[in-house]
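>>> dropping the sequence and predicted coords here.
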Amino acid sequence: MNFRHFFLKDPKRMWPEASMLVAPLAVIFILGPDIYPNQSIFMELAVFIMLADALNIVYGYTGYLPFGFGVFFAVGAYGTAILISHASWQVAPAIIAGACLAALLSLLFTPLLRLSGAYFAISSLAAFEAFYLIFSNTQLTSLTGGPYGISFTQVYNANLDYTAAVVLAIASAIVVLVISKSTFGIALQAIREDRFAVELAGVSSLRYRTYAWLISSFISGIAGGLFGWYQGFFYPEAVFNLTEFSVLVIVFVLFGGKGTVFGPVVGTVILFLVYEILSLTFSNSLLIIFGLLLVVLVLFIPNGIEPLLRKAADLLLYPDGRD
Amino acid sequence: MGSSSTAASPGASGAKKGRSARNALMAVIVVIVIVVAGAAYFLTRPSGSSQQYITVGTLYASSGSFALSSGYQLAGLKLWINQTNAQGGLMVSSLGKKLPLKLIALDDQSSTTTATTLYTNLITQDHVDILVADFGSTLTAPAVAIAQEHHVLLFDPTASTPGFFTATNPYIVDLSILVSSEWPLVLAHYLISQKSNISRVAILYLNQAFTTAQAQTLDSTLVSAGISPVYYQSTSASSAAEYSTLLQSINATHPQAVLNFGYDTNDIAFYSALSANSMHFNFTFTIYSGLEYSLLHAQTPSGSLNYTYTYASPPDVQYTNVNLGPTTAAFVSNWTSIYGSSPNFNNIAGFNAGLLIGKTIETAGSLNQTAMRQAVNKLSGNTTTLEGPFVINTSTGAQIGMPMDLLQYQPSSSGLKPVVIYPTAVATGTAIYPAPAVVVSSTPLNSPAVVSAESYYSISSSALPASALCLRNDDGIAVSGVNRN
Amino acid sequence: MSLFVDAFVTSILYAAFFSIAALGLNLVFGVMRIVNLAHGEFLVMGSYLAIALADSYGFNPVVSLAVVVPVFLAIGLLLYFPLVPRLQKSGDPEMSSFILFFGVSYAMEGLAVQLFGVSYQSLQYNLFKPIHVEILGYVMPTAWVVTAAVSVAALALVYFYLYRTGLGLQTRALMINRDEAMANGVNINAVSAIAFGFSIALAASAGVFSSFISYPTSPSIGDTFTLISFAIIIIGALGNPLATVVGAVVFAYAYGYTEIYAANWSSIVPFIILIAVILARPQGLLGRKAREF
């Protein structure tokens, strides 16, 4: 692996954006549970931010939409749970190992990276279903708990878990920022725009995609491990949840603006909170309201809100108008 | 608004670019702050002031795969709350007064993730006095760790997974359902007692905790008695065509008894596939033909449930010598007069949970969670409700009373009659075995045989599809009835 | 009758049902390059309409088709114009369509809960007389045979439309090369709107029969139909409506035979086949080139 790809072009220029990214997130995660003392909402927010950033790396920067993306999340959760409950590992190494397992799994899928658009999306979906059926199979009960789910409540520690999730959610946002500023990220974007030109320049686009894929699945695996830890016990359906840990994440990223540093984070914060508010207030019409909201978003704000926010900020701060 | 300055002087474009990016990000922060503030504003409800009510917090699913059963359970709990409030509420001796009950029911849409935040919300926002779990193990699972973490006692009506109940966690108690691994014990003993008649047993089970636990218990109990099932497979199928193939494969093992452990949708597919193949077995067993009789009766081919076996549970089993709440029969007639259709097991489980919660509060004399847990232990072993004897493992909180006996639906002039056949002590009749063939056998049908099959259907069908919709509306809870309080 | 043959017959009927269930999804992808994640929900809505017609008027499902098809054709046409042309203008319609139609499917599931409740509903075999028929010594419900017959008829109609009509020719031109078709004067909006309407009507027609042969109808079952339809059209070939049949056959037989010989693992097999097919022949069993490099 050539680590030169990951060197920043200009590390100094990163600081303002990094602080813009960290400060509001820190405010939300530190003050949030005080303003509204329901830690698990903010815990899930942190998990979703991690997932959104992970998805953004592969979808936003390479243009590949893995529809069954949630498989890495689930494998991370299971890896962590199995190592803790069967091998009595410490939590931190177990989560890291779980994430490595997810990354390893992503290597298994690299042949899929040769496919184009919709084929890739759907085949990752099939992989998701296949792994769900493997992990929940009764014949693997001794390892995965099968349909009985898996329990590791002996290490349950909600506050520590929350702290870790917040730190890692912010870290994953920084990872995206670093990627966007690195030669690696720029190469990825170039591949997304015109793969042939990049190949002609002697760069293996497949290898670059594989790196992005690895980083993305590793972060998802971490998110899964943290989520599983927070549950203490989970059934296969709880982590192999296509709607929540794949589709909703895609929606968050698209809503925020894919391929941007701030979009996925902002998109997740806003839409996740809207979703939670709806499910607490208008739960009977949640499906209808949220569904229609998405339709309107795609039709009228197809590139996400990040460009709009930039424009709004410009208008607000330079009302005399600039181009 | 007039532009006050000409800040956009052409010279400073480089610096401006950096500044504009920074300012854009400032705006992002502003938006986030607004959203958070808005969220806090919307989400923070005025919390209940000093103990005017006993708040009962629970979750239900208005949509998704658990919506139906969850709605049944909530309807039962609601009826108990209404009846209790009609009598002025519950006596809390430490406060020296009767307090009315206030139900906070939040909608988890059958999602465990949403359930996690909502359970936390009930505890940390609504500060509920009584935390009641949603239907079934899947939607109860997220509550177990949260309740323990916050030292709140989780009243669990219908989650029966043995793994939830450990001696190290005193904050959960199973009120209305036998732990699932114990369900098939009576059934297994019956099959063993009939060893000379029924030696070839086929077991098909859904790949879910509730059903797998039962299948495994049954399998191991039978094997230890020298009956080795001729077919023992798990499946995740729920379509009629898939069940059809599975049944063909089961049929090839020539079983005398076919036991299908599934959820309602699987049982519907099972009976549809039996009818589709014109298959007939001497003994068929499903779980939901008893638990959700009206649904199964309306949604399966006519005559499907004739002679089928299922768990005998209320309302089919009627307890008369109860010492808490109404007898089963009194409850059924009360429910029927209110809702126009008879209750099913999950309605009763929800109501029964309420009854036991009420008795727990009165016994504890306070709303202290630990005191309530001790009060539950006091009730165990000397309380009988409409659902049967309430007996828990006092250290783990698992339910070991409320037995699941065995019944058979036997056709009579007034429709299908639930007949408890085992254990003998509570039996109300004897099994009809082998089950008489309902549909003309699977040997090639010619026209007259088909006609006779039809004439059978027209005679025996008390609930043809035409009446199915109204049945469902009366008996399934209309969605509007599951609104939050 | 051997087990093998039994499973063969059941599977062929199941394949016929899933051909018509998945056909519309493929038509939309082929013509518009968009992915309709709400496909299963339209199927469920068709099913509810058929059940309501049977319950209220005692309509036989085949008769119900006369109501269901025009109603859903109209719904499809009405939905096309506000949704699809606007979607096509976005930067990446293929991917944006995922989220758009995910929203539509969410809203439709919510609507179904409000309108029909959460209980399971199904049509009964005795809507057809006689209830069972015997074909080649194999007894099966008339309802299943009718389901398969309707599927074959629908396939024939789609084939006729695509290969024997002027609009069908334009549709195929659009499927093969969008830009060239446009340059040659194909009326994209008219052709696409009709294909979209057909697709919705096909899904709803499958829904009319779904509770006979597949799952009891409930608001949350739509996702399952969408997922299976996806698997089928990928195995066959994306964008080639008639290859859907091949996908459905492979899918149904994979299910049927693993259910006999390894029931524990049966549901996983179609997905493994899907991945195997996609790696060996990413264009699907009957498709054109799809691998990028």
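Perfect, thanks for sending it. Numbering: from 1, shown residues only, chains lettered A, B, ... in the order given.

>>> tell me the confidence at the closest residue to A:V253 other than its chain neighbours?
Nearest residue to A:V253, sequence neighbours excluded (C-beta to C-beta, 6 or more residues apart in numbering or on different chains): A:P264, at 4.7 Å. Yep, even glycine has a C-beta here, placed from its N, CA and C like the rest. Note for A:P264: predicted pLDDT of 92.

>>> which strands and helices sit next to the helix or strand A:P264 falls within?
Assignment of secondary structure by DSSP states H and E places A:P264 within helix A:263-281. Packing partners of helix A:263-281 (3 or more C-beta pairs under 8 Å, 6 or more residues apart in numbering or on different chains; DSSP states H and E): helix A:14-35, helix A:39-55, helix A:249-256, helix A:286-300, helix A:306-317, helix B:13-43, strand B:101-107, helix B:112-124.

>>> quick one: closest of those to C:M175.
helix A:286-300 (23.5 Å; C-beta to C-beta).

>>> quick one: buried residues of that closest one?
By neighbour count on 16 or more other C-beta atoms under 10 Å in any protein chain shown, the buried set for helix A:286-300 is A:286-295, A:297-299.

>>> report whether stretch B:338-353 contacts chain C.
No - Stretch B:338-353 lies out of reach of chain C by C-beta under 8 Å from any C-beta of the partner chain, never closer than 11.7 Å.

>>> pull out the buried positions in that stretch.
By 16+ other C-beta under 10 Å, the buried positions in stretch B:338-353 come out as B:339, B:341, B:343-353.

>>> ok, now stretch B:189-205?
Residues B:Y190, B:L191, B:Q194, B:I198, B:R200, B:V201, B:A202, B:I203, B:L204, B:Y205 are the ones in stretch B:189-205 that count as buried (16+ other C-beta under 10 Å).

>>> now the helices for the stretch 101-250 of chain A?
Assigned helices in the stretch 101-250 of chain A, in chain order: A:117-135, A:141-144, A:158-181, A:183-193, A:195-200, A:205-231, A:236-239, A:242, A:249-256 (criterion: DSSP state H, counting those that start in this stretch).

>>> again with chain C
Under the criterion DSSP state H, chain C contains helices at C:3-32, C:39-57, C:61-88, C:93-116, C:142-164, C:166-176, C:178-183, C:188-213, C:222-236, C:243-261, C:269-280.

>>> residues contacting the fifth one, please?
The one in question is helix C:142-164. Here helix C:142-164 makes contact (C-beta atoms under 8 Å, 6 or more residues apart in numbering or on different chains) with B:241, B:276, C:12-13, C:16-17, C:19-20, C:23, C:27, C:61-62, C:65, C:123, C:125, C:127-133, C:135, C:167-168, C:171-172, C:198, C:202, C:205-206, C:208-209, C:212-213, C:241-242, C:245.

>>> so what's B:H254 up against?
B:H254 neighbours (C-beta under 8 Å, 6+ apart): B:R200, B:V230.

>>> next: B:K378.
Contact analysis of B:K378 by C-beta under 8 Å, 6+ apart lists B:T363.

>>> that one and B:F155, how far apart?
Using C-beta to C-beta, to the nearest Å, one obtains 15 Å as the distance from B:K378 to B:F155.

>>> returning to what we had before: which stretch in the helices and strands packed on helix A:263-281 has the least confidence?
helix B:13-43 (a mean of 61).

>>> ok, then the element right after that helix?
Using DSSP H and E, the helix or strand that follows helix B:13-43 in sequence is strand B:54-60.

>>> average pLDDT for the following helix or strand past that next one?
Heading C-terminal from strand B:54-60, the first helix or strand you meet, by DSSP H and E, is helix B:67-86. Per-residue pLDDT over helix B:67-86 has a mean of 94.
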